[in-house]
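Chemist: got a predicted model here, sequence first, then my questions.
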Amino acid sequence: ERYKKKLIEEKVITPEEIKGMEDRIVGILNESYEKSSTYKEGNPDWLGQNWTKMSGHQRTATEMSTAITEDVAKKIGIALTALPEGFTVHRNLKKILEKKKQSIEEGDGIDWGTGEALAFGSLLLEGYHVRLSGQDTERGTFSHRHAVIHEQKDVTAQHRPQYRPLCHIPGATGEFHVSNSNLSELAVLGFEYGYSTEHPNALVIWEAQFGDFANGAQVVFDQFISSAESKWLRSSGLVCLLPHGYESGGPEHSSARMERFLQCCNDNPDELTLNHLEQLQDINWQILNCTTPANFFHALRRQ
């Protein structure tokens, strides 16, 4: 009231203009109050059409197989291990690619990086986009991924040619994007979370180079990823990879602190869900400790 009186005295605004402002604001508040008495929970407008085909917790989804045929695996394997003519690869990586090719052809000895690549490649063949970001994700935390291969002829060149095998699978209609991001975990995870809310049919992944790197992005986990569905009816299919090891790697390199994420799982002691599909849909997020490359492969495809 004092501010209003001062503005009028200084002839900045007239009493009639102030009355118009007040009537407009009070009108908006009254209209919203009337609407609130008949409010029914539903999909908010900002979700748009992107999520309409997704089965929420209101109805049970149909269980689908996450397996692929041997022919599909071998097709992906050829693309993963074939290099352009004249492309010079690092001698150590050449051995890794040869071993990868052999493991896929024989169906034995498939490692973590290969299991992940087969999951990505099979999704790309089915038309799904795969997006991966994080620190050193192109190479992989434990030098296990090699999603981007660098020309070795001229190591002093400022811009050496690169080759991304997953972008060259014959017949794949999905797009593969992988990028090394800086150490601003909060910003990068926040961006990828936002991307995932708009793209339910893409596999969107953020990888903490080591699990403890997620510390810098903890507010995104707490305020958004773990709780957005119940808070704001926001859906997301984001995947977070938290690689960890216990080999005395030093601070920030030893543990993914899974207990922290388990504490953020919804857990209602009054509800018992026996159907595993209903359990997967009811829970706010899934915490997986994959023990074999096969676990990892099927988990990524299921997501």
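Modeler: The structure has been received and is ready for your questions.

Chemist: going forward, measure contacts between C-alpha atoms and count neighbours the same way
Modeler: Fine.

Chemist: give me the contact list for stretch 119-135.
Modeler: 68, 72-73, 76, 141, 166, 169, 171-183, 188, 201-209, 297-298, 300-301 (C-alpha atoms under 8 Å, 6 or more residues apart in numbering).

Chemist: tell me which of those fall in helices.
Modeler: 72-73, 76, 188, 297-298, 300-301 (DSSP state H).

Chemist: and the longest helix belonging to the chain, average pLDDT?
Modeler: Looking across the chain with DSSP H, the single longest helix is helix 15-36. The average pLDDT within helix 15-36 is 95.

Chemist: need the contact partners of that helix.
Modeler: 4, 8.

Chemist: list only buried entries from the contacts of stretch 119-135.
Modeler: Buried by 16 or more other C-alpha atoms under 10 Å: 73, 76, 141, 166, 169, 172, 174-179, 181, 188, 201-209, 297-298, 300-301, out of the contacts of stretch 119-135.

Chemist: how about the strands in the stretch 201-303 of the chain?
Modeler: 202-207, 239-241 (DSSP state E, counting those that start in this stretch).

Chemist: of all these, which lies closest to residue 162?
Modeler: Of all these, it is strand 202-207 that lies closest to residue 162, at 21.5 Å by C-alpha to C-alpha.

Chemist: break this protein into its domains for me.
Modeler: Following the TED database, one gets these domains for the chain: 67-174, 181-302.

Chemist: may I see those domains organised as JSON lines, with mean pLDDT and distance to residue 6 added?
Modeler: JSON lines is the format used below for the domains of the chain (pLDDT from 0 to 100; distance: least, C-alpha to C-alpha, whole Å):
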{"stretch": "domain 67-174", "mean pLDDT": "91", "distance to residue 6": "54"}
{"stretch": "domain 181-302", "mean pLDDT": "86", "distance to residue 6": "41"}
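
Chemist: those: which one's closest to residue 60?
Modeler: Closest among those, using C-alpha to C-alpha: domain 181-302, at 6.0 Å.

Chemist: and stretch 95-106, how far from the chain's centre?
Modeler: Offset of stretch 95-106 from its chain centre (C-alpha atoms, centre = their mean, to the nearest Å): 28 Å.

Chemist: list the contacts of it.
Modeler: 73-74, 77-78, 80-81, 109-110, 114.

Chemist: now swap in stretch 221-229 and tell me
Modeler: 193, 234-236, 264-265, 284-285.

Chemist: would you list the residues you listed in TSV and tack on distance to residue 34?
Modeler: Converted to TSV, the contacts of stretch 221-229 look like this (distance: C-alpha to C-alpha, whole Å):
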residue	distance to residue 34
193	34
234	25
235	28
236	32
264	36
265	36
284	32
285	35
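
Chemist: of all pairs in the residues you listed, which one spans the longest distance?
Modeler: The distance between the two most remote of the contacts of stretch 221-229 (C-alpha to C-alpha) is 17.8 Å, for 193 and 265.
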